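Q: just need the structure, nothing else, for what follows:
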Amino acid sequence: MIALPAATEHDALALLTAQAVRSRAKLMLELGLRGELSHFTVHLDRMDGVADAVLATIAKAYPSLDIPFHARWRHFAIDGADRWDKIASAASWPDRAARARAEFDLAIVSVLLDAGAGAAWRYKDAVSGKAIGRSEGLALASLDMFASGAFSNSARDWFRVDAGKLAEFSASALERGFQVGADNPLVGLEGRADLLRRLGRQMISRKDIFGRRDTPRPGGLFDHLVAQGGGDAIAAPSILREVLLQLGPIWPSRLSLAGVSLGDCWKHPAIKTDNATSGLVPLHKLSQWLTYSLIEPLQRAGLEVNDIDGLTGLAEYRNGGLFVDLGVLALRDADDAERAHEVDSTLVVEWRSLTVALLDLLAEKVRARLHRDAASLPLASLLEGGSWAAGRAAAYARRADGSPPIKVISDGTVF
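A: Reported below is the predicted structural model:
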């Protein structure tokens, strides 16, 4: 057996990139195509059926093909009305940067609170009277809390998130805001509250990043990114890198390498490399979705964001479920569909990593059929247009509660 070299900080930082997510996903797909994975077989002959489902979804939702990014902002639109835009348009902002900081505050907290709600939970919307579940319900609950000043220490400025407030945020406060009760359970409630507290403490410890123009707040990351981009332009993968570096320490019970927190990164024995990162599979799902969600505030503030396709697809259960439900991915053991799996299991790591690689192949097929290229139909738009909604539709067509085809035990911080 050849001994691997000792891990260095350079090795660890190399895993905190979209490029690492994509390259390891391709390795996982190659193993799958050779029949060398423990839990899945891959059937690319069924990819046309997935492309058909995604194209039908796009035709219904975005017939003009003017498709926005798959970002948190889409979930703030209820019955065609954009709740956040209405709030923001009515507010008085001293400049574009002030609004961008508030939008960073909202997006970061809302995305961190988004991990799967479970099939039973619903949020009763006071405006429409509807009981709304899953990501849309979580988004609306977080928006209502933000707009009511639940995360602010200022009686004069509700539209902000203060690090000090988050550092002591209780599960009971989140329980009230998300209308959780015995008859309305929310998966991973304490995990979500703990994540907010960790975020608060991280911001307080890094005032140089989060308190450049204000007391520490998530919106301080906006000023940091503006400085990183020289005030004019920034590449999307660079945004992700900063998100991973600055927020990485908040993730609980995760791997680290050479003292660097690796975030949404997991072990899989079949992934072999010639350095200390062998066996490690980065995915960075929430961080990449957060990055997609930070692009629009940056653009509204006047920055150009380029290389958006440098990010990857999202390794989550709607995209992944689409490939399982439509037969591109098949479990070797059919009974695994009835069991619940830990998020760090080799089965879940395989599923999520394969999803990333297959989304790249799906993008090629859909673009070819629509006569578009990556510039006119970036992956972020394909996800929104797209694969996420088609995955949800496929789930509801097969299971009454719309649950994913594979059960994952969630602590509220991954999916």
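Q: using CSV, list the CA coordinates for stretch 99-117.
A: Output in CSV follows, covering the C-alpha atoms of stretch 99-117 (Å, rounded to 0.1, in the frame of the first residue of the first chain):
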residue,chain,number,x,y,z
ARG,A,99,-30.3,47.3,0.2
ALA,A,100,-27.7,44.7,-0.9
ARG,A,101,-26.6,44.3,2.7
ALA,A,102,-30.2,43.7,3.8
GLU,A,103,-30.6,41.2,1.0
PHE,A,104,-27.5,39.4,2.0
ASP,A,105,-28.8,39.3,5.6
LEU,A,106,-32.1,37.8,4.4
ALA,A,107,-30.7,35.4,1.8
ILE,A,108,-28.0,33.9,4.1
VAL,A,109,-30.3,33.3,7.1
SER,A,110,-33.1,32.0,4.9
VAL,A,111,-30.9,29.6,2.9
LEU,A,112,-29.4,28.3,6.1
LEU,A,113,-32.9,27.6,7.5
ASP,A,114,-34.0,25.9,4.3
ALA,A,115,-32.8,22.3,4.7
GLY,A,116,-35.7,19.8,4.1
ALA,A,117,-38.8,20.5,6.3
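Q: in it, what's buried?
A: Buried positions in stretch 99-117, judged by neighbour count with 16 or more other C-beta atoms under 10 Å: 99-117. C-beta coordinates here come from the backbone N, C-alpha and C atoms, glycine included.
Q: centre of the chain to it, how far?
A: From the chain centre to the centre of stretch 99-117 is a distance of 11 Å (C-alpha atoms, centre = their mean, to the nearest Å).
Q: for stretch 140-147, same thing?
A: Counting by C-alpha atoms, centre = their mean, stretch 140-147 is centred 18 Å from the centre of its parent chain.
Q: which residues are contacting it?
A: By C-beta atoms under 8 Å, 6 or more residues apart in numbering, the list of residues contacting stretch 140-147 from outside reads 75-76, 78, 83-84, 87, 105-106, 109-110, 113-114, 123, 125-126, 132, 151, 158-159, 161, 177-179.
Q: worst-scoring helix or strand of the chain, pLDDT-wise?
A: In the chain, the helix or strand scored least confidently by mean pLDDT, DSSP states H and E is strand 260-261, which has a mean of 88.
Q: who does the helix or strand following that strand touch, helix- and strand-wise?
A: Where DSSP states H and E defines the elements, the next helix or strand beyond strand 260-261 is strand 265-267. Packing contacts for strand 265-267, counted by 3 or more C-beta pairs under 8 Å, 6 or more residues apart in numbering; DSSP states H and E, involve strand 280-282, helix 346-370.
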